[in-house]
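K.L.:
model the following, please.
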Amino acid sequence: MEPHYRTKQLAILTMSLVVLTAGGFVATRLLQPGAVMADNNRVFELRIYHAVPGKLPVMESRFRDKTSKILARHNLQVVGY
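P.N.:
Reported below is the predicted structural model:
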């Protein structure tokens with residue numbers, strides 16, 4: 001290898017490392033989460049189900065009669081269907 005080629009290769013490698021390191025510092029600084037405060041300790045989960053045509057009443061009765069009891073055992077409250 002020519003000495004000039006080796007120097008150019010080393011300069012590119014050094015610049016790449018500097019850019020990657022700087023990018024890492026910037027990303028780390030930007031991605032730090034701030035404190036989040038809530039009014040209470042409730043958490044809501046939204047689930048969307050798609051029923052086969054004609055099977056919606058069966059799905060609703062299953063949630064109303066069986067799933068609600070299971071969730072209640074774990075202190076989870078169903079807000080609506």
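K.L.:
which secondary element of the protein has the worst mean pLDDT?
P.N.:
Using mean pLDDT, DSSP states H and E, helix 3-30 stands out as the lowest-scoring helix or strand of the chain, at a mean of 83.
K.L.:
and the following helix or strand past it, how far out from the chain middle?
P.N.:
Remark: after helix 3-30, the chain's next helix or strand is helix 56-62, criterion DSSP states H and E. Once both centres are worked out by CA atoms, centre = their mean, to the nearest Å, helix 56-62 turns out to sit 30 Å from its chain's centre.
K.L.:
what residues of the next helix or strand after helix 56-62 count as buried?
P.N.:
Remark: after helix 56-62, the chain's next helix or strand is helix 68-73, criterion DSSP H and E. Taking 16 or more other CB atoms under 10 Å as the basis for neighbour counts, none of the residues of helix 68-73 comes out buried. Backbone N, C-alpha and C define where each C-beta goes, glycine included.
K.L.:
so what's the gap between helix 68-73 and the chain middle?
P.N.:
On the basis of CA atoms, centre = their mean, helix 68-73 is displaced by 27 Å from the centre of the chain it belongs to.
K.L.:
and the average pLDDT for that helix is what?
P.N.:
Looking at helix 68-73 alone, the average pLDDT works out to 87.
K.L.:
neighbouring contacts of it?
P.N.:
Contact with helix 68-73 is made by 77, 78, as judged by CB atoms under 8 Å, 6 or more residues apart in numbering.
K.L.:
kindly export stretch 22-35 (C-alpha atoms) in CSV.
P.N.:
These are the backbone C-alpha positions of stretch 22-35, laid out as CSV (Å, rounded to 0.1, in the frame of the first residue of the first chain):
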residue,chain,number,x,y,z
ALA,A,22,-20.9,12.5,18.5
GLY,A,23,-24.1,10.9,17.2
GLY,A,24,-24.3,8.6,20.1
PHE,A,25,-23.9,11.5,22.6
VAL,A,26,-26.6,13.5,20.8
ALA,A,27,-29.0,10.6,20.6
THR,A,28,-28.4,9.8,24.3
ARG,A,29,-29.1,13.3,25.3
LEU,A,30,-32.3,13.6,23.1
LEU,A,31,-33.7,10.3,24.2
GLN,A,32,-33.6,10.8,27.9
PRO,A,33,-37.2,10.5,29.2
GLY,A,34,-38.5,13.3,31.4
ALA,A,35,-40.6,12.8,34.5
